[in-house]
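Q: Okay, here's the prediction I keep looking at, along with the sequence it came from:
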Number of protein chains: 2
Amino acid sequence: MVSRFTAASIRSAAPLFSAMGDPTRLSLVVHLTTSGPESISSLSEGSNVSRQAITKHLRILGDAGLVRSSRHGREHIWQLDPSGLATARRYLDRIDAQWDAAISRLRGHVEDE
Amino acid sequence: MVSRFTAASIRSAAPLFSAMGDPTRLSLVVHLTTSGPESISSLSEGSNVSRQAITKHLRILGDAGLVRSSRHGREHIWQLDPSGLATARRYLDRIDAQWDAAISRLRGHVEDE
DNA sequence: AATAAATGCAATCTAATGGTTGCTCTTTCC
DNA sequence: GGAAAGAGCAACCATTAGATTGCATTTATT
């Protein structure tokens, strides 16, 4: 049987999608896929919001597991964390699988469950 | 070459993720994958928020292309729209692909671009 | 040692979000 | 025809989110 979606799994997945749901943050993620690791100041230059705002966004992305940082001297270098992305994909895959199963069931093609 | 992420594509994708970023809405999506088409009242019963709140959430999910509705008499029946889900998956795939390309480039395995 | 760069921290502001209640309207059922 | 069910619409409210400004702190540079 296909694994169920518990209330807990929903509560844990929502912040992940929510993190990508803001245009500024999604831009950061996209930017980091091409630029490689970058400092906060460097990331701020490309944006039209302040450095402090970028910091907040990075924090949220970090909590969601989409990016991570390491300190180098006075700089904080941020980079993409593919594991967060993978988690999101797996979640969508599960929803999709469940949906497909429901469709099949509806059509009567699958009875053995 | 891998297709680029335009500012417009980011602005259009963000609402999709944002729609799934709320626990109540994500629950609705998950619920609809298993339950099949359901009316607003029916969807509200399972939830701990009011019918009007559910209506608002469905509207947001609809705008994001994740669900759609049809009217039957006095009822509005909502069901999952797999195209929205597919769009989200494609987006994540593209990010992933771009990331992989960046990694390869960094390692010097790929120079022809 | 003095200055500049990179960042953090805190207070603050505005607008959006998620939710509610109350009322109306349409459709179904008896 | 009258009651009840299913929804829509509108006003309203509290909280959060996104952003800003100002100042302090740490590290690098000259």
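A: Perfect, I can see it now.
Q: got the angle for the lowest-mean-pLDDT helix or strand in chain A vs helix B:82-107?
A: Evaluated with mean pLDDT, DSSP states H and E, the helix-and-strand set of chain A has its lowest mean pLDDT in helix A:82-107, which scores a mean of 92. Our comparison of helix A:82-107 with helix B:82-107, counting by axes from the mean of the first three to the mean of the last three Cα atoms, to 10 degrees, yields an angle of 150 degrees.
Q: which parts of helix A:82-107 are buried?
A: Of all the residues in helix A:82-107, those buried under the rule 16 or more other Cβ atoms under 10 Å in any protein chain shown are A:82, A:84-85, A:87-89, A:91-92, A:94-96, A:98-99, A:101-102. C-beta coordinates here come from the backbone N, C-alpha and C atoms, glycine included.
Q: which ones are touching the nearest residue to A:Asp93 once chain neighbours are set aside?
A: With Cβ to Cβ, 6 or more residues apart in numbering or on different chains as the measure, B:Arg89 is the residue that lies nearest to A:Asp93, at 7.6 Å, once sequence neighbours are left out. If you count contacts by Cβ atoms under 8 Å, 6 or more residues apart in numbering or on different chains, B:Arg89 has them with A:Arg89, A:Leu92, A:Asp93, A:Asp96.
Q: per-residue confidence for the nearest residue to A:Leu16 once chain neighbours are set aside?
A: Sequence neighbours aside, A:Ala64 is the residue nearest to A:Leu16 in space, at 4.8 Å (criterion: Cβ to Cβ, 6+ apart). A:Ala64 carries a pLDDT value of 97.
Q: before we move on, back to that, could you provide the contacts of B:Arg89 in JSON lines, with additional columns for distance to DNA strand D?
A: Formatted as JSON lines, the entries for the contacts of B:Arg89 read as follows, by distance: Cβ to the nearest atom of the strand, whole Å:
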{"residue": "A:Arg89", "distance to DNA strand D": "22"}
{"residue": "A:Leu92", "distance to DNA strand D": "21"}
{"residue": "A:Asp93", "distance to DNA strand D": "25"}
{"residue": "A:Asp96", "distance to DNA strand D": "26"}
